[in-house]
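Visitor: Dropping a prediction and its sequence here:
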Amino acid sequence: MQPFQLFRQGDLVLSLAVRQDDDGPPYSQLSDIQETFPRATLFKLDEVILNFLEDENRKKYEPKRIAHFPDYIIDVVCAQPGHAPSSNASPLSSLSAQFSTEGIGRLVSQLYIQPSSFSSAKLKTLARSVTYSPGHLASSSLTLSNPSTYQATSITRPMVALSAIASDITHIQRQLDRSADQHSEDYQQLLKQLVQLLQDQAEAKERDKQVLAELEAARLRDEEMLRLQRQTIDRLIVAQQRIEAILVQNYELHEYPIPRLFVILPDSYERWDPRNLVAERFRLYFLCECGDHCNTPADSPASTGQLTIATVSPTATAAATTAISTPITYGPYVLGMLRILKHCLAVAAAVSPVVALADSSVKDVMDGVKSISESTMAAVDVSINYLEKNLNGDAVADEATRSSASMEEGGNEMFKDLAALNKDADKILGNLYRITTETGQVKWVCLNHYRQVYRETAMASFLHCVETNGGAYDPQLGKVAIALKSNSQQAQAVAAFKVTFNWSFGSSDLVKLVDKIALSNASDFELDLMDQTNNIPLGSLLRPGKGKYHSLLGLLSNINFKGQTFTSVDFIGPQTSGFPSSHPPIFLQSFRYLGAINIVDDTRLAEIILLCPHLADLRLGCREYISFPIPNVDRAIGTMSKLKTLHRYCLFNEAVTADEINEYTAPYGSTALTELVDHILPYPIGVHGLLQDAIQRSFATLEILFLQSNLPKQILQLTSLSDLISSHRMPFTRLTHLELIMNMTPATLNMLTLILPKLVLVHLSVGYSSCCLVAHVNLKFLRSLLLKDISQGTIDPRDFTRLWSGQHQIESLKVHKVWKGGEAIDVLTVYPLRRLYLLKMPIEDMRRTLKLMNVSRLQMLSIFTEEYDDSMEAILAARSAEFAEEFVLQLLYRYGENVREIHKANVRDVRDSSTRLSSRHVRVLDYETAEKEYYSSISPPSYR
């Protein structure tokens, strides 16, 4: 609070703020006091007059100042005022009362000494020398209207002169009053003109706005018209290109059943005898017709510059021998092709010495050229020499024309014979493949170019297949998620699969799925059967090991998989068979069984865990259902030497007693963990509890620690870690995500209050017993906060103020059953969040929050309450203009319960209204799914 000093004048006592120089004592300044007490000159304290303060040179400060006396009242001594004039006295008596005796004498002496020089200037000076009371004239620069009157005044009668001065002053006052009235009228007139001008300007501005709006509307209409015109033109161009491609394709598919680029070479050039052609054998070679349609990236194995020669099957040698034996018919064309081939080979030979210095793409091209052996080059020379000797110039020209025309018409018997060789439906000739380019042209290309041309087509077909089946493909991760709605789906070659069976399936369907998945390259597989059964199937009891899920165990033995997740696979124990004793180890690194675990599942899950020596990530149970005791699994977990991540969800329906725990029970493993999640905490906890031991050995490696328990008898006690603090070894230095919604001993809470300020926490979850930790968390790094089961009074309001007043980066806030949380709601009206979760709040608090919360940056609002109705949504609809474009409202409901009318999608339009948000801004999902998505959003990728 600002310090002050008390001053008193009569019965009036006032407090005045004091001043203070840098590192100096407070003081009161005389000018500040005189603003409140105008005639203050001296000051007394207990009848003692106070001295003004002096500086180190014994000089008084300017302005003057007095010392500060807190808790004391200083009396103000004022100077004596002059005689107050009477309000009804005449101007002459008023002036007489205001002149002092000494002033009148001086005035009279001036009048007697200089009677002839008494002018208007002297009168002005005389008028200014007169002191007026506050009730009279306020102006001191008055001009006398008739100074000659004073020259006729008798010098011997000064009072008469003074009376005349007073009369003239009164006249001047009247003139000033009339002038003020005239000025006031002028001011009113000017003010009216100014208001009229502003109104005219506003009307002109509105007219300009209307004209601009009309121009903008016209511009938008023109742009829309241009867009439609361009769209029409583009469609016409595309249609024209398609028609041309179809025409070209229909023509070329019939005209070019075989490749057009070919050469004929002797089958063995070493024993070549041109005199005995009957005994010689020739072979037909086709060239790859790659072009711009085969363009590939620099790192692709295929290249347009790669020279590829395809060898036709031996049955083609007869046609080749016939062609070479009649050179006058086929020779010109074959000779031309051989010369082109020889030129290409010569260029390749000249470039080959610098291949070692070339980059990878050029080297790939040269490798293709070098694949042609020297024997092939020699065979080309033999064929060229033979044809040149047997052909002369004129005959070559004439026959070349006829041969070319004959080949174009498709009537040559040789090409008919070669075309007859291509009986394959895949359009493969030798090692060339027939393709159709985008322009409809037919090309014969090698295998590399064939793969490259159809790679994009195959990918487009694959994406269309995924989208058709309601799936989603992530190209960066190579991950596909598909919800199977029929039994005709097939596995695809992707990095990860997430398959959901949303239909009634049988064991044969699972067998087919397993067979298809086994052929893929996937390394991560997640299967959600959505098969929630309340009772053990009778068939599995009658035929143990031959149940519905028997084929799923085959997936575990697939060496390609590094991680597998089974969701809603109930009663896996009786519906599968046991592993043989000679079963080889399983190379899984991650295994997640997310669903209710029954007593009959204990043995089978323990077998799976024991067969996975490399398992580093194990997650069991689910948040929706409480499981039963699994002692075999708890013992198997203790054998996992590489375990780093352990999640346990609701694995027991009641706490296990100490008598049920033996030396082999290790529900939290025996290694240092990086992630430890346990909801319900079934085992006894305390100084020597199993959970405490796991935290003790993992204090240097833990990054995520999520603990929840609704059991009042379970009290977390971590006092043994206090020894680390005393030895200057800070525990949990790598911890970034902490959730402690359970009872804790006071000593544990005190220890955590010392540790939390030094941790780089990104997320914090607190409950009724741990809410005091909010006051000690380092807000510089905190991104998300969860408050659960907190009522008014359990958390200090100052902690809320601290949360939102300092520098912090909180983007996500989840409020779960915070009763009468007035302070929690108030902060929501100030700070802009990105994600806000409101669960099980009182109806009045919910309405107030929806009305006042800051939505400037809000991207998602999640609401879970049975009392959500149209009136609540009307509050949000009224604020729809404030929401960001990506804003989404999540409405949650309990799985298995009847979906209320407001949760249905068909009650919403595509646009926001005054009472309802549009369908694009609303997402309806069950509470359990929302909980999984929440923990995934606040956790690092390794948690998901």
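Guide: It's in. Predicted model only: the values in this text are computed from it and were never measured.
Visitor: Show me where the stretch 751-900 of the chain dips below the pLDDT cut-off.
Guide: 792-807, 819-829, 896, 898 (pLDDT under 70).
Visitor: what about the strands in it?
Guide: 763-766, 784-791, 812-819, 835-839, 860-864, 888-893 (DSSP state E, counting those that start in this stretch).
Visitor: what angle separates the fifth one from strand 835-839?
Guide: On the basis of axes from the mean of the first three to the mean of the last three CA atoms, to 10 degrees, strand 860-864 is oriented at 10 degrees to strand 835-839.
Visitor: Strand 860-864: partners in the sheet, and parallel or antiparallel?
Guide: strand 835-839 (parallel), strand 888-893 (parallel) (DSSP bridges).
Visitor: What's the first helix or strand after the longest helix seen in the chain?
Guide: Longest among the helix segments of the chain by residue count, using DSSP state H, is helix 158-255. Using DSSP states H and E, the helix or strand that follows helix 158-255 towards the C-terminus is strand 262-266.
Visitor: helices or strands next to the helix or strand that that following strand is followed by in the packing?
Guide: Remark: after strand 262-266, the chain's next helix or strand is strand 282-287, criterion DSSP H and E. The contact analysis (3 or more CB pairs under 8 Å, 6 or more residues apart in numbering; DSSP states H and E) places strand 282-287 against strand 262-266, strand 309-311, helix 317-325. No exception for glycine: its C-beta is placed from N, CA and C like everyone else's.
Visitor: just the helices in the stretch 1-150 of the chain please.
Guide: For the stretch 1-150 of the chain, the helices defined by DSSP state H, counting those that start in this stretch occupy 30-36, 91-98, 101-113, 120-128, 148-151.
Visitor: and the second one, what's its mean pLDDT?
Guide: I take that to be helix 91-98. Averaging pLDDT along helix 91-98 gives 42.
Visitor: Kindly format the C-alpha coordinates of stretch 459-475 as PDB.
Guide: What follows is stretch 459-475, C-alpha atoms only, in PDB (Å, rounded to 0.1, in the frame of the first residue of the first chain):
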ATOM      1  CA  MET A 459      -0.600 -46.400 -55.600                       C
ATOM      2  CA  ALA A 460      -3.700 -44.600 -56.800                       C
ATOM      3  CA  SER A 461      -5.600 -47.900 -57.000                       C
ATOM      4  CA  PHE A 462      -4.300 -48.800 -53.500                       C
ATOM      5  CA  LEU A 463      -5.500 -45.500 -52.000                       C
ATOM      6  CA  HIS A 464      -8.900 -45.900 -53.700                       C
ATOM      7  CA  CYS A 465      -9.200 -49.300 -52.200                       C
ATOM      8  CA  VAL A 466      -8.400 -48.000 -48.700                       C
ATOM      9  CA  GLU A 467     -10.800 -45.100 -49.000                       C
ATOM     10  CA  THR A 468     -13.500 -47.300 -50.400                       C
ATOM     11  CA  ASN A 469     -13.300 -49.600 -47.300                       C
ATOM     12  CA  GLY A 470     -13.500 -46.700 -44.900                       C
ATOM     13  CA  GLY A 471      -9.800 -46.700 -44.100                       C
ATOM     14  CA  ALA A 472      -7.100 -44.000 -43.600                       C
ATOM     15  CA  TYR A 473      -3.600 -44.000 -45.000                       C
ATOM     16  CA  ASP A 474      -0.700 -42.100 -43.500                       C
ATOM     17  CA  PRO A 475       2.000 -41.800 -46.300                       C
END
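Visitor: Domain-wise, how is the chain divided?
Guide: Domain segmentation of the chain under automatic domain parsing yields 4-78, 256-449, 811-943.
Visitor: And the helices in the stretch 651-800 of the chain?
Guide: 690-697, 722-726, 746-755, 797-805.
Visitor: Of all the residues in the longest one, which ones are buried?
Guide: The reference is to helix 746-755. Buried positions in helix 746-755, judged by neighbour count with 16 or more other CB atoms under 10 Å: 748-749, 751-752, 755.
Visitor: Alpha carbons of it, as CSV, please.
Guide: In CSV, the C-alpha atoms belonging to helix 746-755 read as follows (Å, rounded to 0.1, in the frame of the first residue of the first chain):
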residue,chain,number,x,y,z
PRO,A,746,2.2,-36.1,4.5
ALA,A,747,5.9,-36.9,4.3
THR,A,748,5.5,-38.0,0.7
LEU,A,749,3.7,-34.7,-0.1
ASN,A,750,6.4,-32.7,1.6
MET,A,751,9.1,-34.5,-0.4
LEU,A,752,7.3,-33.9,-3.7
THR,A,753,6.9,-30.2,-2.9
LEU,A,754,10.7,-30.0,-2.8
ILE,A,755,11.2,-32.0,-6.0
